[in-house]
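Undergrad: All I have is the shape, not the residue letters:
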């Protein structure tokens, strides 16, 4: 009898537990000649939709959200991991000149109470990075998971510093070599990892490693 009670209680607990949240993530790329993009999506419960966009310090980032559910909000996280905006604080739009260069993370979510009730929302997210150069960037960043140019050139490394080449795509990886500003390397493909875009590159001497993609431009 005790065993039957235990199984019944366990079943009840499983029945009331919320379904696992679905985390959706994608990199935003603007069409040629455009400085913005509009994406549509749907979230329910504890789902989170995440969008990544490369922005250079000194550029303006504009984000607006339209949603079917008034409890649908978004926040923005800077490259160093600090949250710089949350629309739940009372403003539906974000428009500001950013300070840090790198990959910004835009997260679309439902407030906790709405998520707990399993509510859903259909949304449209507009992201704009005005730039006279077109495409939302001053230069062509290493921003793809595949394809891209045959070669990259290193740009934007602070004076006196070097870009570290690591054995794996994360800051804790072992340094296998370094690169100066102006160095040209072979493109072996990029991917999102450890909070940013990392690219596998090969030097003229054959050494291959991973580097932070925000310091690479098309050559």
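TA: Done, it's in. All of these numbers come straight from a predicted model, not from anything done at the bench.

Undergrad: can we go C-alpha only for contacts and neighbour counts from here?
TA: Noted.

Undergrad: If I follow the layout properly, residue 178 ends up in contact with residue 162?
TA: Yes: judged on CA atoms under 8 Å, residue 178 makes contact with residue 162 at a distance of 5.9 Å.

Undergrad: can I see the domain layout of the protein?
TA: 20-128, 151-218 (automatic domain parsing).

Undergrad: Mean neighbour count and mean pLDDT added to these, as a markdown table?
TA: Shown next, in a markdown table, are the domains of the chain (neighbours: other CA atoms under 10 Å; pLDDT from 0 to 100):
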| stretch | mean neighbour count | mean pLDDT |
| --- | --- | --- |
| domain 20-128 | 17 | 88 |
| domain 151-218 | 18 | 88 |
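
Undergrad: From one end of stretch 209-219 to the other, what's the distance?
TA: Its first and final residues considered, stretch 209-219 spans 18 Å by CA to CA, to the nearest Å.

Undergrad: can you check stretch 35-49 too?
TA: End-to-end distance (CA to CA), stretch 35-49: 21 Å.

Undergrad: What of stretch 85-94?
TA: 7 Å.

Undergrad: Now do it: distance to the chain's middle.
TA: With CA atoms, centre = their mean, to the nearest Å as the basis, stretch 85-94 stands 19 Å off its chain's centre.

Undergrad: What of stretch 83-95?
TA: The answer for stretch 83-95 is 17 Å, by CA atoms, centre = their mean.

Undergrad: Ends of that stretch, what's the gap?
TA: Using CA to CA, the two ends of stretch 83-95 sit 15 Å apart.

Undergrad: go on, stretch 188-199?
TA: 7 Å.

Undergrad: Then stretch 97-104?
TA: End residues of stretch 97-104 are separated by 13 Å (CA to CA).

Undergrad: gap between it and the chain center?
TA: Centre to centre, stretch against its chain (CA atoms, centre = their mean), the figure for stretch 97-104 is 12 Å.

Undergrad: Equivalent analysis for stretch 102-112, please.
TA: 9 Å.

Undergrad: and what of stretch 38-46?
TA: 16 Å.
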